[in-house]
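> no sequence on this one, just coordinates:
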């Protein structure tokens, strides 16, 4: 039990739609990161938020955006969904921005785009 | 793009045997972490080794790091059925706090 929860667990959308995925971090964790994991692959870093500000971003287009709130919750928004966006989306929280901190992951949201 | 490459991609052994997985990476790192993932769900942190460390132990887990070869290995001793999962290495680099992940090793423990 990592103390990180994600909702929903599964989601089906059609191409062109928009989706919002939610994450509740461990209390006191100031950093949240979002990852995309395609089937049979490792996680790909989307972006990271620290104290409600975006702190870093991976190689994902601007239609992937996020928010982090003061109550340790966060959102991943994806606009204009494409078929290739079908994947497991994982959020992970950590205490701070130290590079040697372990991440606490949620169980993920499985997104299917038809 | 992925920094790490795990080897082998898949490993099937008998319960009680030892399992060894390897991870190679391309650029200099601050630390390397190993995570486990059951059935394509959330990842669980196993162990972190810093770039100035060569070996680390945690219960039945032993991790080694060879920065000259840019490689790490994860050894699970006396494997159990519950160890069946995918194992990923992730590297942290420089001032960039992002982790870069390999594609994972799928471990199957046969009873």
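On my side now, so go ahead. From a predicted model like this one, the values you see are computed outputs, not experimental measurements. Numbers count the residues shown, from 1 in each chain, chains lettered A, B, ... in the order given.
> C-alpha from now on. contacts and neighbour counts both.
OK.
> bridging residues for residue B:32?
residue B:49, residue B:91 (DSSP bridges).
> That one: what's it in contact with?
B:48, B:49, B:50, B:51, B:89, B:90, B:91, B:92 (Cα atoms under 8 Å, 6 or more residues apart in numbering or on different chains).
> Just give me the least confident of those residues.
The lowest pLDDT within those belongs to residue B:92, with 84.
> that older thread, need the max-distance pair from the contacts of residue B:32.
B:51 and B:89 (13.9 Å; Cα to Cα).
> Please say which of these two ends up with more neighbours.
residue B:89 (33 against 16; other Cα atoms under 10 Å in any protein chain shown).
> so where does the closest residue to the more buried one other than its chain neighbours fall, helix or strand?
Once flanking residues are discounted, residue B:89 sits nearest to residue B:34: 4.5 Å by Cα to Cα, 6 or more residues apart in numbering or on different chains. Using DSSP states H and E, residue B:34 falls within strand B:31-37.
> Give the burial count for residue A:54, as a bare number.
Residue A:54, neighbours per other Cα under 10 Å, totals 17.
> Verify the contact between it and residue A:47 for me.
Yes. Using Cα atoms under 8 Å, residue A:54 is in contact with residue A:47, at 7.2 Å.
> Check the offset of stretch A:18-32 from the chain's centre.
How far stretch A:18-32 lies from its chain's middle: 7 Å, per Cα atoms, centre = their mean, to the nearest Å.
> Could you list the buried residues of it?
Buried positions in stretch A:18-32, judged by neighbour count with 16 or more other Cα atoms under 10 Å in any protein chain shown: A:19, A:21, A:22, A:23, A:24, A:25, A:26, A:29, A:30, A:31, A:32.
> need these in JSON lines with pLDDT, secondary structure and distance to chain B, can you?
Shown next, in JSON lines, are the buried residues of stretch A:18-32 (pLDDT from 0 to 100; DSSP: H, G, I helix; E, B strand; the rest coil; distance: Cα to the nearest Cα, whole Å):
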{"residue": "A:19", "pLDDT": "98", "secondary structure": "strand", "distance to chain B": "20"}
{"residue": "A:21", "pLDDT": "98", "secondary structure": "strand", "distance to chain B": "15"}
{"residue": "A:22", "pLDDT": "98", "secondary structure": "strand", "distance to chain B": "15"}
{"residue": "A:23", "pLDDT": "97", "secondary structure": "strand", "distance to chain B": "13"}
{"residue": "A:24", "pLDDT": "96", "secondary structure": "strand", "distance to chain B": "14"}
{"residue": "A:25", "pLDDT": "93", "secondary structure": "coil", "distance to chain B": "13"}
{"residue": "A:26", "pLDDT": "87", "secondary structure": "coil", "distance to chain B": "14"}
{"residue": "A:29", "pLDDT": "90", "secondary structure": "coil", "distance to chain B": "15"}
{"residue": "A:30", "pLDDT": "90", "secondary structure": "coil", "distance to chain B": "13"}
{"residue": "A:31", "pLDDT": "91", "secondary structure": "strand", "distance to chain B": "10"}
{"residue": "A:32", "pLDDT": "93", "secondary structure": "strand", "distance to chain B": "11"}
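> can you redo these as TSV with distance to residue A:104?
Converted to TSV, the buried residues of stretch A:18-32 look like this (distance: Cα to Cα, whole Å):
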residue	distance to residue A:104
A:19	23
A:21	17
A:22	15
A:23	12
A:24	11
A:25	8
A:26	8
A:29	10
A:30	12
A:31	10
A:32	9
